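Colleague: Prediction below, plus the sequence it came from.
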Amino acid sequence: MRKLTYEELSRQRYRREELQHLARHPITIVLDNIRSLYNVGSIFRTADAVRAQEIILCGYTPAPPRPEIDKTALGATESVPWRVQRSAVEAVAELRHRRIRVFAVELTDESRPYDSLTPADFPAAFVFGNEIVGIQPEVLAYCDGALAIPMYGAKHSLNVAVAAGIVLYEALRCYRRGKWQEERIPHTDGAAHCGSD
């Protein structure tokens, strides 16, 4: 085994012009009052990695261009579609109107495991909330459901950018697995569970 060189990695990467012609995965990210510019930049970078549909920046979540966002985004603000929407409630209502299922990534009395997504849950949007207080209750009320990442230590939460990475990659895995099954078995009803079998 050997580590790939920068040149080898560069040949494997899509260029921004190429990305414009590729289908995006049906994953939308809603950021509800995220404070940290570095967290926002990190989420942009993860959104680029999963080729997400878009990021919606709500409330006082900072928007590009900002040097602090660029520092962790490493150019992803140019490759991921994004927009600003004043209210996360309005953003979630609009997504649901477009028949996109909306999941709060939050600890609630009705949260289900983050790896319980099924192909039927897509297209999907994932709401990530403020680092201290989480997602606003009025936003939660508009969501179709909530997903939780299990905690096995003394703490009950993860950094929002870390949580986004976990949930977005699980969502991508589930979606792509469902697409693969659909292509191999044309008559599938799409209700298969994507979590660990």
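Modeller: Looks like it arrived, so ask away. Residues are numbered from 1 along each chain as shown.
Colleague: pretty sure Tyr14 is touching Gln20, no?
Modeller: No. Under the contact definition of CB atoms under 8 Å, Tyr14 does not touch Gln20, with a separation of 9.7 Å. The way it works is simple: take the backbone N, C-alpha and C, and place the C-beta from them, glycine included.
Colleague: Look at those two and report which has more neighbours.
Modeller: With other CB atoms under 10 Å as the criterion, Tyr14 and Gln20 differ in neighbour count, and Tyr14 comes out ahead with 13 against 10.
Colleague: So which elements touch the longest helix seen in the chain?
Modeller: Among the elements of type helix in the chain, defined by DSSP state H, the one spanning the most residues is helix 160-184. Using 3 or more CB pairs under 8 Å, 6 or more residues apart in numbering; DSSP states H and E as the contact definition, the elements that helix 160-184 packs against are strand 25-32, helix 37-49, strand 101-105, strand 124-129.
Colleague: Of all those, which one is nearest Tyr60?
Modeller: Within the helices and strands packed on helix 160-184, the stretch nearest Tyr60 is strand 25-32; the backing value is 9.7 Å (CB to CB).
Colleague: Out of the helices and strands in this protein, which is least certain?
Modeller: Using mean pLDDT, DSSP states H and E, the weakest-scoring helix or strand in the chain turns out to be helix 16-19, at a mean of 72.
Colleague: And that helix, how far out from the chain middle?
Modeller: With CA atoms, centre = their mean, to the nearest Å as the basis, helix 16-19 stands 20 Å off its chain's centre.
Colleague: re the thing from before, deepest of the helices and strands packed on helix 160-184, which one?
Modeller: For the helices and strands packed on helix 160-184, the largest average neighbour count (mean count of other CB atoms under 10 Å) is found in strand 124-129, namely a mean of 25.
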